[in-house]
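Undergrad: whatever this is, show me its structure:
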Amino acid sequence: MENKMNKFGLKRLLVVLAVAFACVCMWGCSDTTFEWEEKRSGAKVMGFVNDSLVMVEDYRCWHEYTDRWNGEYLEDDGCENARLCVYNYRVQEDGPRWCDSISGSWTLGLWDGQFSDSVIWGHLNVQRENSISLWKIGEKPHKISFNRNLEGCSVVFRGNSVKEWVDGTFIVRNEKSLNAGGDSCQYAVLDTVAKKVVYKRLGENLQWIKECNDVRAWDNDVYCFMPGKSAFEAVFLRNGHDTIDVPVKFTVGDFWGNVLRPNANLCSLVDGDVVCSGIVWRGGLTFIKDEKIVVDLN
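TA: Alright, predicted model coming up:
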């Protein structure tokens, strides 16, 4: 038994030496170093969970260095492993309330915005496979494939806005689609339960939303931030005719989940009234109250 083991060990050593010799003679050996960056990069706000929590996505970058046998070297770098975190934007805390990450470079550039109160969306693909990816806090991302239908239009568009709509559906549009002419589709209705998206042109009852900076629905009422006739006279409108008072002057407004943002003010719709938190978010990762930074996530 011992002789057999010795013979096996000798044969294995000879194989290793042969491979090493071939490496030097034919190609040259190399030494590769792979390192992850200590800090994450690309942090951006994806949406707001309620009146105190904000969702932030970031990713981690890496660097690879290969020292070759002939004195040359190769370098490569990239980023992957997207992460979603939840922070309190009202008070500075030691860190996030919750975080989770997903592996792989395919996750980069995937997430585009807020889908609903605690869900972000990305990779809305209507040109080829007809799908959308969703990532809910506390869960892993998943992809929904759907059937596409055209109703009264024939030219689809790439959506960069997905907001809650009537009857539990979602309205899909981009910054130019509502005013598209001819037979171009102006908006789409995405039904994640029935797994279908229907592209349409605006009917008479929705022509008014052409002027909206942003639009969404609560229950079956449609809400819109609409520019005014002059600066700081923008309006918050419901169903095209009901003007809702906003306690701050603003020129433009948009929706982030259930959070309203007239100019940079973070507000909520409470029993039909707009209530503002006193927190200002102008973009980036900084939140301000009374002209002082209260939370800085940089």
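Undergrad: roughly how far does residue 78 sit from residue 250?
TA: Distance of residue 78 to residue 250, given as C-beta to C-beta, to the nearest Å: 41 Å. Every C-beta, even on glycine, is put in place using the N, C-alpha and C of the backbone.
Undergrad: the more surrounded of these two?
TA: More crowded of residue 78 and residue 250, by other C-beta atoms under 10 Å: residue 250, with 21 against 11.
Undergrad: how about the residue lying closest to residue 34 once chain neighbours are set aside, what does it touch?
TA: Closest residue to residue 34 apart from its sequence neighbours, by C-beta to C-beta, 6 or more residues apart in numbering: residue 64 at 4.9 Å. Contacts for residue 64 (C-beta atoms under 8 Å, 6 or more residues apart in numbering) come out as 32, 33, 34, 35, 75, 76, 77.
Undergrad: can you count the residues close to the fifth one?
TA: If you count neighbours by other C-beta under 10 Å, residue 75 ends up with 8.
Undergrad: that one and residue 65 touch, don't they?
TA: Yes. Here residue 75 reaches residue 65: they are 5.6 Å apart, a contact under C-beta atoms under 8 Å.
Undergrad: common neighbours of those two, please.
TA: In contact with both residue 75 and residue 65: no residue, using C-beta under 8 Å, 6+ apart.
Undergrad: can you give me the strands for the stretch 51-200 of the chain?
TA: 53-68, 73-88, 98-101, 111-116, 119-125, 131-136, 142-145, 147-151, 161-164, 170-173, 187-191, 196-200 (DSSP state E, counting those that start in this stretch).
Undergrad: let me see the domain layout of the protein.
TA: 29-110, 211-298 (automatic domain parsing).
Undergrad: nearest to residue 159, out of the ones you listed?
TA: domain 211-298 (13.1 Å; C-beta to C-beta).
Undergrad: what about the protein, any weak spots by pLDDT?
TA: 1-30, 69-71, 105-109, 126-127 (pLDDT under 70).
Undergrad: recalculate using a threshold of 80.
TA: For the chain, the stretches with pLDDT under 80 are 1-30, 34, 65, 67-73, 80, 104-110, 124-129.
Undergrad: what segments of it are helices?
TA: Under the criterion DSSP state H, the chain contains helices at 2-22.
Undergrad: distance from the chain centre to stretch 221-230, please.
TA: 25 Å (C-alpha atoms, centre = their mean, to the nearest Å).
Undergrad: a markdown table please, covering the domains of the chain and showing distance to residue 123.
TA: Formatted as a markdown table, the domains of the chain follow (distance: least, C-beta to C-beta, whole Å):
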| stretch | distance to residue 123 |
| --- | --- |
| domain 29-110 | 5 |
| domain 211-298 | 19 |
